[in-house]
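Asker: have a look; sequence and predicted model below, questions after that.
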Amino acid sequence: MSKTLITLFGAALLAASTLLYAQTPPAAPGADQASKREKMKAAHKKAYQACEGKKDAEHRDCMRTEMCAQAKDPAKCEAHWKERAAAFNKAYDACKGKATGDEFHACMRQQHVTAKGK
């Protein structure tokens, strides 16, 4: 009799815990990602408006400066973008002699993969 009672009690606890868990709303998948995306869009829009009227390299530099000014760690952001610019310039110099656009793009992709692997 006691084994049956313990088994029934265990089953009742299991059923109760399952019902309680089912009432807890799960966190929406990607909710955190969506909020980060919205913040990034807002920051980009603000930077774009601040840099309107500038062209080419001046526009790129302005956008980088504006976006990094809004970052949690502006110095780290600036260092990251300077590193990326250096890697791009190195890849560009290695690939600028390619005859066709397709060869150039393939070379740039390869250089990018090589730079990431280091």
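Answerer: Arrived safely, thanks for sending.

Asker: tell me the domain ranges of this protein?
Answerer: The chain breaks down into these structural domains: 35-70, 74-118 (assignment by automatic domain parsing).

Asker: now the longest one: average pLDDT?
Answerer: In this case it means domain 74-118. For domain 74-118, mean pLDDT rounds to 84.

Asker: gap between it and the chain center?
Answerer: Taking CA atoms, centre = their mean, to the nearest Å, the mean C-alpha location of domain 74-118 is offset from the chain mean by 19 Å.

Asker: likewise for stretch 42-54?
Answerer: On CA atoms, centre = their mean, the centre of stretch 42-54 falls 20 Å from the chain's centre.

Asker: make CSV out of the domains of the chain and add distance to residue 11 and mean neighbour count.
Answerer: For the C-beta atoms, the positions are set from N, CA and C on the backbone; glycine is no exception. Below are the domains of the chain laid out as CSV (distance: least, CB to CB, whole Å; neighbours: other CB atoms under 10 Å):
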stretch, distance to residue 11, mean neighbour count
domain 35-70, 41, 13
domain 74-118, 54, 12
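
Asker: as a markdown table, those with distance to residue 2 would be great.
Answerer: Output for the domains of the chain, formatted as a markdown table (distance: least, CB to CB, whole Å):
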| stretch | distance to residue 2 |
| --- | --- |
| domain 35-70 | 54 |
| domain 74-118 | 64 |
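
Asker: out of these, flag the one nearest residue 6.
Answerer: domain 35-70 (47.5 Å; CB to CB).

Asker: since that was my last question, I'll sign off now.
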